[in-house]
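# Mind folding the following:
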Amino acid sequence: VPGESDGLEKLHALQCHFTWNFEIRDKVDAAHILQTLAHRIAHTPHQNQPTFLAMQAYLYHLQGQYEDALQSLREAEEILQRDHPDNFPRQVLVIYGNYAWLYYHLAHYDLVELYLDKVRKICSSLKSRSPYAAQIPEIHAQKGWSLLAAGFRNGREATECFQMALREDKANGEFLAGLAIAAFASWTHTHNSASWNAAREKLGAIIREQQQNYEAKVYLAKILKRADRQQAEALLEDVVQNSLDPEVLRNAAMFFQPEFIEKTISILERAISLNPNYHLLHYDLGYCYKIQLRGDNSSRREEILAAAIEAFKKAVQKDPASVFAKLALGEMYGENTPHYQEEIYLNLMSETPNLSKKCQQAVYLHWGNFLLYKKNSVREAAQMYKAGFAIPDKYVERQKLKKKLEKMAKQIGVEFLRTALSSCMCIAEGL
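Numbers count the residues shown, from 1 in each chain. Down below sits the predicted model:
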């Protein structure tokens, strides 16, 4: 870049997906968000499709898919020109910022300057204090939607974005819907009464105004599950009958699990009919059969087991990189053919250096369980649990590994297990 430090300073001043912090941990996390984002792009009831396409471009960049990234930005720009001709400059700033960053990574420095200049001219026309950023509601909302797409752990920050957007455009239905969904996202990570009340109130207001906002209806149903089961089920009945969004139907199906597993299966099958290639639908279907298998279904055991194996096989076929689908498939094979289970687990063990930390922990946990329960290899199992627990990241798998080590230490009194647990805790505390 001509004057490289100056160019980088300008790039860092931009408001776009490259400068917003989404805490995307690794390529596996990025790949998962890309899958759910595809459904948001196809089915969003709002005019925020370009925002999701711009985020898709950023995620493609993380995967090294630069031509796909540029294509996503082109599509986003075309939609904005079609749907927002009057305020196109205000809407396109994030996309131009993404273009500038992409071309920087591709070393097309003349195009970096071109898009920096486009941003500067728009900011100047908006009389912004910064030459490369503008505090306008469109950008606040775009950041809010992007944070939610990256994960509901970002609910609180997304709430702040939509609140800022609404200060200048109080009646904007899209911003109000974003605020309601962000309130629900916050509740999923706090579960306190204040966030419950805020989410219930905002989601209720949205569905009164937006009758076809089925995503909001599913979230309100989840909020009301214990407080008003009848209303919750009525909302979901509307969703199941009318929504064509497989991800929304998937969320609706989870409401009935595990109490009404047949209903969950029925909804998932409808979702699969709408998108047979979405691997998570097949994975969730397999999980339903797994629940049935653990129940009192001795007369149908082989039939249910075959259905579970078939569902998990399809999940793996649709997404060969899905570690959790492979682990689930291995576990189901283990019911009758443990050597198939062992083969799958050994293959995954050989791939652990290239897996995300969450996936590594899961593989060590499952392989340890196999060694313990199928091979009766207590010491080897303990070594696997220890190796998994030593991976420092706070996922649910790590808590399960900790419990396994603690239980084994109590049961067999092996001193090295206690030593393993304490040493791993020291590693975690040091990070």
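# Point out the other helices and strands that the strand or helix carrying Ser266 packs with.
Ser266 is part of helix 261-274 when elements are defined by DSSP states H and E. Helices and strands touching helix 261-274, by 3 or more CB pairs under 8 Å, 6 or more residues apart in numbering; DSSP states H and E, are helix 246-255, helix 279-294. C-beta here means a position set from N, CA and C on the backbone, and glycine is covered the same way.
# CA atoms of it as PDB?
Extracted in PDB, the C-alpha atoms of helix 261-274 (Å, rounded to 0.1, in the frame of the first residue of the first chain):
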ATOM      1  CA  ILE A 261     -40.100 -36.900  20.500                       C
ATOM      2  CA  GLU A 262     -42.500 -38.100  17.700                       C
ATOM      3  CA  LYS A 263     -43.600 -34.500  17.200                       C
ATOM      4  CA  THR A 264     -40.000 -33.400  17.100                       C
ATOM      5  CA  ILE A 265     -39.200 -36.000  14.400                       C
ATOM      6  CA  SER A 266     -42.300 -35.000  12.400                       C
ATOM      7  CA  ILE A 267     -41.200 -31.300  12.300                       C
ATOM      8  CA  LEU A 268     -37.600 -32.300  11.400                       C
ATOM      9  CA  GLU A 269     -38.800 -34.500   8.600                       C
ATOM     10  CA  ARG A 270     -40.800 -31.500   7.200                       C
ATOM     11  CA  ALA A 271     -37.600 -29.300   7.500                       C
ATOM     12  CA  ILE A 272     -35.600 -32.000   5.600                       C
ATOM     13  CA  SER A 273     -38.200 -32.000   2.800                       C
ATOM     14  CA  LEU A 274     -37.500 -28.300   2.400                       C
END
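# what separates that helix from the chain centre, distance-wise?
Mean C-alpha position of helix 261-274 versus that of the full chain (CA atoms, centre = their mean, to the nearest Å) differs by 21 Å.
# List the buried residues of stretch 324-339.
Residues of stretch 324-339 classed as buried by neighbour count (16 or more other CB atoms under 10 Å): 324-334.
# quick check: mean pLDDT across the helix or strand that contains Lys326?
Using DSSP H and E, Lys326 sits within helix 323-333. For helix 323-333, mean pLDDT rounds to 97.
# for it, packing partners?
helix 279-294, helix 301-318, helix 338-351, helix 357-373.
# Which of the residues in the first one are classified as buried?
What it means is helix 279-294. Applying 16+ other CB under 10 Å to helix 279-294 flags 279-290, 292-293 as buried.
# what does the last one give?
Under the neighbour-count criterion of 16+ other CB under 10 Å, helix 357-373 has 357-372 buried.
# angle of it against helix 323-333?
20 degrees (axes from the mean of the first three to the mean of the last three CA atoms, to 10 degrees).
# buried sites along whatever helix or strand comes next after helix 357-373?
Per DSSP H and E, helix 357-373 leads on to helix 378-389 as the next helix or strand towards the C-terminus. Of the residues in helix 378-389, 381-389 count as buried by neighbour count, 16+ other CB under 10 Å.
# helices or strands up against the one helix or strand Lys202 maps to?
Lys202 belongs to helix 193-209 when assigned by DSSP H and E. Packing partners of helix 193-209 (3+ CB pairs under 8 Å, 6+ apart): helix 173-190, helix 214-224.
# quick check, distance from it to the centre of its chain.
Distance, centroid of helix 193-209 to centroid of chain: 23 Å (CA atoms, centre = their mean).
# quick revisit: tabulate the buried residues of stretch 324-339 (CSV), appending distance to Gly144.
As requested, the buried residues of stretch 324-339 are arranged in CSV below (distance: CB to CB, whole Å):
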residue, distance to Gly144
Phe324, 29
Ala325, 31
Lys326, 35
Leu327, 34
Ala328, 34
Leu329, 37
Gly330, 40
Glu331, 39
Met332, 40
Tyr333, 43
Gly334, 44
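# Which one of the residues you listed is nearest to His189?
Distance to His189 across those (CB to CB) is lowest for Phe324, with 21.3 Å.
# residue contacts, the closest one?
283, 359, 362 (CB atoms under 8 Å, 6 or more residues apart in numbering).
# same thing but 6 Å
Contacts of Phe324 were listed using CB atoms under 6 Å, 6 or more residues apart in numbering, and none were found.
# Please report how far it lies from Ile265.
19 Å (CB to CB, to the nearest Å).
# before we move on, back to that, could you give the angle of the helix holding Lys326 to helix 301-318?
150 degrees.
# my guess is Ala198 meets Ala183, correct?
Yes. Using CB atoms under 6 Å, Ala198 is in contact with Ala183, at 4.8 Å.
# Have a look at the two and say which one is more surrounded.
The residue with more neighbours, out of Ala198 and Ala183, is Ala183; 26 against 19, by other CB atoms under 10 Å.
# which residue sits closest to that one, ignoring its sequence neighbours?
Ala199 (4.2 Å; CB to CB, 6 or more residues apart in numbering).
# that older thread, can you mark which positions in the helix holding Lys202 are buried?
Applying 16+ other CB under 10 Å to helix 193-209 flags 195-196, 198-200, 202-203, 206-207 as buried.
# Closest one of the buried residues of stretch 324-339 to Ala307?
Met332 (9.7 Å).
# Tell me which residues touch that closest one, please.
308-309, 312.
# Output the residues you listed as JSON lines; include the columns pLDDT and distance to Lys407.
Shown next, in JSON lines, are the contacts of Met332 (pLDDT from 0 to 100; distance: CB to CB, whole Å):
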{"residue": "Ala308", "pLDDT": "97", "distance to Lys407": "27"}
{"residue": "Ile309", "pLDDT": "98", "distance to Lys407": "29"}
{"residue": "Phe312", "pLDDT": "98", "distance to Lys407": "27"}
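# which of the residues you listed tops the neighbour count?
Phe312 (29 neighbours).
# what residues are up against that residue?
With the criterion set at CB under 6 Å, 6+ apart, Phe312 makes contact with 286, 325, 328-329, 332.
# tell me the contacts of Ile136?
Arg90.
# same deal with Arg167?
Contacts of Arg167 by CB under 6 Å, 6+ apart: none found.
# Can you say which helix or strand has it in it?
Going by DSSP H and E, Arg167 is in helix 155-168.
# quick one: Arg301 from Arg294, how far?
Separation of Arg301 from Arg294 (CB to CB): 11 Å.
# How about Ala134?
Note on Ala134: its distance to Arg294, by CB to CB, is 55 Å.
# so what's Lys375 closest to, chain neighbours aside?
Ala381 (7.9 Å).
# got it, and Glu342?
Glu342 sits nearest to Phe370 (CB to CB, 6+ apart), 6.6 Å away.
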